[in-house]
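below are the sequence and a predicted model for it; my questions follow.
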Amino acid sequence: MSGKTLTPRPSQLARDAFVGRFGDIYEHSPWVAELAWDRGLGDRQDTPLGLAEAMSRELREADPERQLEVIRAHPDLAGKAAIAGTLTDDSTREQAGAGLDQCTPEEMARFEKLNAAYKKRFGFPFIMAVKGSDRHVILAAFEERLLNSLEEERGMAIEQINRIALFRLEDRADS
């Protein structure tokens, strides 16, 4: 991964251009990119890992309510937005890559049941960086994480969102 560079180089972009290019990395939350740019970007942030670290710091350091807004901006896995085709392009690719668009009716019913139980328990959607996973791994993680505390799941959601951001930045980088 170290040989990849983001083009155009984030450190060389004006704020509006930077936010225009990277403001969608965090689902419906361009403020993360805005704050990362405001803090200052250097050569290290011209790589997917460097920019992901800078942006993830902004989410980790955000106040809890703002973090919750980012968590809640994420769609349910294999949920109604996926069925209706209203996911962002990134979310559509990520869910399809994990085979969530190929669920059997029984698996879909299981996802719906788990999504509802998770939201009822935690007040936000289940979030998992699904790249490299399949629907069976995701369903198992869903059931396991339902046993976590609210504090553990909030932390896990932030961690998973930051992993998603890294994957998205890697997908935008040159080889």
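Received the coordinates, thanks.

skip the chain neighbours and tell me the closest residue to Glu58.
In space, Glu58 comes closest to Leu35 once its chain neighbours are excluded; the distance is 4.3 Å by Cβ to Cβ, 6 or more residues apart in numbering. No exception for glycine: its C-beta is placed from N, CA and C like everyone else's.

what is the neighbour count of the one you found?
By other Cβ atoms under 10 Å, 16 other residues sit near Leu35.

now do it, the pLDDT please.
At Leu35, the pLDDT value in this model is 98.

and for the one 4 residues further on?
What the model reports as pLDDT for Arg39 is 97.

enumerate every residue touching it.
54, 57-58 (Cβ atoms under 8 Å, 6 or more residues apart in numbering).

chain center to the helix or strand hosting the residue nearest to Glu58, what's the gap?
Using DSSP states H and E, Leu35 sits within helix 31-39. Remark: helix 31-39 is offset 17 Å from the chain centroid, using Cα atoms, centre = their mean, to the nearest Å.

any idea which helix or strand comes after that helix?
Following helix 31-39 toward the C-terminus (DSSP H and E): helix 48-61.

show me what that next one is packed against.
Judged by 3 or more Cβ pairs under 8 Å, 6 or more residues apart in numbering; DSSP states H and E, the packing partners of helix 48-61 are helix 31-39, helix 150-171.

hey, C-alpha coordinates of the shortest one in CSV?
When you say that, I think you mean helix 31-39. What follows is helix 31-39 as a C-alpha-only set of coordinates in CSV (Å, rounded to 0.1, in the frame of the first residue of the first chain):
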residue,chain,number,x,y,z
TRP,A,31,-17.0,18.1,7.9
VAL,A,32,-14.5,15.3,8.6
ALA,A,33,-12.6,16.3,5.4
GLU,A,34,-13.0,20.0,6.2
LEU,A,35,-11.4,19.6,9.7
ALA,A,36,-8.6,17.4,8.3
TRP,A,37,-7.8,20.1,5.8
ASP,A,38,-8.0,22.8,8.4
ARG,A,39,-5.5,21.0,10.6
